[in-house]
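Student: Everything below, folded, please.
(one chain, ligands or ions: 1)
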Amino acid sequence: MCGIVGIVGSGPVADRLVDALRRLEYRGYDSAGIATLDGGLIGRRRAEGKLGNLAQKLVGDPLVGRIGIGHTRWATHGAPTEQNAHPHATERVAIVHNGIIENFRQLLEDLARDGYSPKTQTDTESVALWVTRELDRGVAPEQAVANTLKQLRGAFALAFMFKGDENLLIAARSGAPLAIGFGEGEMYLGSDAMALAPFTAKLAYLEDGDWAVITPTSVVIRDMDGAVVERARQLSQVSALLVDRGNHRHFMAKEIYEQPETISHTLSHYVDMGAEKVSIRETMPFDFAKLTRLTISACGTAYFAGAVAKYWFERYARLPVDIDVASEFRYREPPMEMGGLSLFISQSGETADTLAALRYCAAQGQHVASLVNTQESTIARESDVVFPILCGPEIGVASTKALSAQLTALASLAIAAGRARGVLNAEQEADLVRALISVPNAVSRALGQEDRIVEIAKKLSKAKDVLYLGRGVMFPIAMEGALKLKEISYIHAEGYAAGELKHGPIALVDEAMPVIVVAPSDELVDKTLSNMQEVAARGGKIILITDEAGAATVGQGVAETILIPQVSNFVAPILALIPVQLLAYHTAVAMGTDVDQPRNLAKSVTVE
Ligand code: F6R
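Tutor: Numbering: from 1, shown residues only. Here you go, the predicted structure:
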């Protein structure tokens, strides 16, 4: 999603703006730009594609100035061209924007009547033009922005810089994240703490409806009614060091390989290893024993974490779970029993649909719990209780280590719920906890299959379509496998419940269609393997992900087998995840795609 930065201060800003944008690259973008004031006049440099293109432009044609704004754009309205790249500017004002101005057409129609016409296809330019008309009418910058904000509908974070005023930035937030950073004789703004980490750790997050007037030495924040408000300053935990790829070719590979460590980290938060018990440190404003239902909402990969957790909460805690993708849930307006528990899963903690679902549930009198990686995020801040996943910054756009950490935390919560509801006794809890403790080591062993997976991936990279099958807890893993392959290799893939195959998708099966079957040896393995034989009988090329016991029961017809370590059924989905991640990764590498920043995708999806 788009990323925003701004600096108003004492030293040159152009290089620092580009550095800050680099730290926002992980959000996904397709063009970038910065603007500064040089002698009071707005200067801009923008470029299509990667930040390197912008940096190169700046080498040939530098920008001076001690105030500036910058942007990485993930196109929503208008193609990702230089012309549509931000900052958008008139002679009087430059702006950067994350989000969508829903009523931009009406705004432009109104502006056209006064002779203000856009030069781009973006929704954003309507804001720049509206502010300009205010300024042309003699309204001062602050008031011009205040008047403009009242006209805007949609979700946005905005930053404004004005011709002739080297000491003024204005920022506004309504639905998309924006943080203000406090320095010495210098102030900053940015989409998240990552962007601002090299400048300052002292941050305040704007709330929806807030707008801030920022000078090198002061920040005044107002709410949507214009009243001055205080927003708590906090010390960000985000490291100033730009997370690097280590010895890996891509962040995604690094993040896949980090999983034994990140899962251990998550476990050490949720599990008392000595006592073989789950221990939840967060104060829970609800009692698992009294709940009649748990509602989970999330998007994409985080949704699959919830889909696995549904099996766990229902089996190990006998707690019924409703789960939906947040973009559907939020508009369904389901009736909810007062005092129920709603759980929102989000790596970034900023996903617009998940946040909207959270707000709906809060308004329905639900206890709001979230499972996030970014503890300073909006979803975290709006939750009654935040369960951290603690896997460190995830930079690869395709989520990997966040999912295994989410699963680890959710497994722990399911055990805690099972104990509280009297479904699990101490011995059963200890069994499950031992299984969880064994995961990091088992994941290391699963990673040892890489060489074999590289060979299989080379063949997979020739396919046009791939089917993934799984049953029970392996069904969400099959869907995740398909999503990962689609995202980074651009090969069409579908994840199906193995039992559904004969109800339609089997018609697709032929010799050209690889079918990846995720079936470690659980109580359902025989059923999945029968579905697999139905594929084999029709000439489908089967790649089977299973463990030794599963492999021992397989008959004819399997083209390739990828073994995962033999572990308890409870944690098997976390293990089965590793080969599907590696398969997608190596297929993408074989195809030469941009693994860490796949086309059209954003890391943090802050628009609907
Ligand atoms: C897939 C992926 C996305 C995210 C989804 C939700 O690899 O990364 O599907 O899982 O956009 O994002 P968060 O978890 O930040 O809410």
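Student: so where is the stretch 501-608 of the chain shaky, pLDDT-wise?
Tutor: For the stretch 501-608 of the chain, the stretches with pLDDT under 70 are 604, 606-608.
Student: For the ligand, what's the nearest residue on it?
Tutor: Val605 (4.7 Å; Cβ to the nearest ligand atom). (Each C-beta comes from the backbone N, C-alpha and C, glycine too.)
Student: Does that residue touch Thr351 like I think?
Tutor: Yes. Contact criterion Cβ atoms under 8 Å: Val605 and Thr351 qualify, at 5.2 Å.
Student: The residue of the stretch 501-608 of the chain closest to the ligand and Val580: what is the separation?
Tutor: 22 Å (Cβ to Cβ, to the nearest Å).
Student: With Leu267 instead?
Tutor: The gap separating Leu267 from Val580 is 21 Å, by Cβ to Cβ.
Student: and the end-to-end length of stretch 96-112?
Tutor: One end of stretch 96-112 to the other measures 22 Å (Cα to Cα, to the nearest Å).
Student: With stretch 176-185 instead?
Tutor: Terminal residues of stretch 176-185 are spaced 27 Å apart (Cα to Cα).
Student: Mind listing what's buried along that stretch?
Tutor: Neighbour counts over stretch 176-185 (16 or more other Cβ atoms under 10 Å) mark 176-183 as buried.
Student: Check stretch 68-86 too.
Tutor: Within stretch 68-86, the residues that count as buried by 16+ other Cβ under 10 Å are 68-78, 80, 82, 84-86.
Student: List the residues that contact whatever residue of the chain ends up closest to the ligand.
Tutor: At 1.9 Å from the ligand, Gly300 is the closest residue in the chain, using Cβ to the nearest ligand atom. Listed by Cβ atoms under 8 Å, 6 or more residues apart in numbering, the contact partners of Gly300 are 399, 483.
Student: Can you check the pLDDT for it?
Tutor: Note for Gly300: predicted pLDDT of 96.
Student: Ok, Glu142 next?
Tutor: 97.
Student: How many residues are close by it?
Tutor: Applying other Cβ atoms under 10 Å, we find 16 residues neighbouring Glu142.
Student: Return the set of buried residues in stretch 310-329.
Tutor: Buried, per 16+ other Cβ under 10 Å, within stretch 310-329: 310-313, 315-317, 319, 321, 323-327, 329.
Student: Quick one: mean pLDDT over that stretch.
Tutor: For stretch 310-329, mean pLDDT rounds to 96.
Student: what's the answer for stretch 337-347, then?
Tutor: In this model, stretch 337-347 has a mean pLDDT of 94.
Student: just the strands in the stretch 451-600 of the chain please.
Tutor: Using DSSP state E, counting those that start in this stretch, the strands of the stretch 451-600 of the chain run over 465-470, 492-497, 514-518, 541-546, 558-563.
Student: so where's the stretch 101-250 of the chain uncertain?
Tutor: In the stretch 101-250 of the chain, residues with pLDDT under 70: 237-247.
Student: Can you give me the end-to-end span of stretch 525-545?
Tutor: By Cα to Cα, the extent of stretch 525-545 from end to end equals 11 Å.
Student: where's that stretch relative to the chain centroid, distance-wise?
Tutor: Computed by Cα atoms, centre = their mean, to the nearest Å, the separation of stretch 525-545 from the middle of its chain amounts to 34 Å.
Student: Double-check that Ala275 belongs to a strand.
Tutor: No. The assignment for Ala275, made by DSSP: H, G, I helix; E, B strand; the rest coil, is coil rather than a strand.
Student: Now for it, how many residues are close by?
Tutor: Per other Cβ under 10 Å, the neighbour tally for Ala275 reads 12.
Student: now it: how far from Ala55?
Tutor: For Ala275 relative to Ala55 (Cβ to Cβ), the value is 53 Å.
Student: Name the SS class of Ser174, please.
Tutor: Under three-state DSSP, Ser174 falls in the strand class.
Student: now Gly209
Tutor: Three-state call for Gly209 (three-state DSSP): coil.
Student: Quick check: phi and psi at Asp30.
Tutor: phi -130, psi 0 (degrees, to the nearest 10).
Student: returning to what we had before: a helix runs through the residue of the stretch 501-608 of the chain closest to the ligand, doesn't it?
Tutor: No. Applying three-state DSSP, one finds Val605 to be coil, outside a helix.
Student: What distance do you get for it to Leu17?
Tutor: 24 Å.
Student: Please identify which of those two sits among more neighbours.
Tutor: Shown here are Val605 and Leu17; by other Cβ under 10 Å, Leu17 has more neighbours (27 against 21).
Student: hmm, back to that, restricted to strands, list the buried residues of stretch 68-86.
Tutor: Per DSSP state E, strands hold the following members of the buried residues of stretch 68-86: 68-73.
Student: May I see the residues you listed arranged in CSV, with distance to Gly11 as well?
Tutor: Formatted as CSV, those follow (distance: Cβ to Cβ, whole Å):
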residue, distance to Gly11
Gly68, 11
Ile69, 16
Gly70, 15
His71, 21
Thr72, 22
Arg73, 26
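Student: farthest pair in those residues?
Tutor: Gly68 and Arg73 (16.2 Å; Cβ to Cβ).
Student: hang on, the earlier thing: out of the ones in strands among the buried residues of stretch 68-86, which is nearest to Ala417?
Tutor: Of all these, Thr72 has the smallest distance to Ala417: 40.5 Å, by Cβ to Cβ.
Student: Contacts only, for the closest one.
Tutor: Residues near Thr72 by Cβ under 8 Å, 6+ apart: 2-3, 21, 24-25, 27, 29, 31-32, 51.
Student: Out of the strands of the stretch 451-600 of the chain, indicate the one that is most buried.
Tutor: Across the strands of the stretch 451-600 of the chain, averaging neighbours per residue (mean count of other Cβ atoms under 10 Å) puts strand 514-518 on top, at a mean of 28.
Student: sorry, back to before: filter the contacts of Thr72 down to the ones in helices?
Tutor: Those of the contacts of Thr72 mapping onto helices are 21, 51, per DSSP state H.
Student: Now narrow the contacts of Thr72 to whatever sits close to the ligand.
Tutor: Applying Cβ under 6 Å from any ligand atom, the subset of the contacts of Thr72 adjacent to the ligand is empty.
Student: of all the contacts of Thr72, which comes closest to Asp451?
Tutor: Sorting these by distance to Asp451 puts Glu25 at the head of the list, at 30.4 Å, by Cβ to Cβ.
Student: Could you measure from that closest one over to Gly3?
Tutor: For Glu25 relative to Gly3 (Cβ to Cβ), the value is 8 Å.
Student: Which of the buried residues of stretch 176-185 fall within strands?
Tutor: Going by DSSP E, the strands hold 179-182 from the buried residues of stretch 176-185.
Student: okay if I get those as a markdown table plus distance to the ligand?
Tutor: Output for these, formatted as a markdown table (distance: Cβ to the nearest ligand atom, whole Å):
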| residue | distance to the ligand |
| --- | --- |
| Ala179 | 17 |
| Ile180 | 22 |
| Gly181 | 22 |
| Phe182 | 27 |
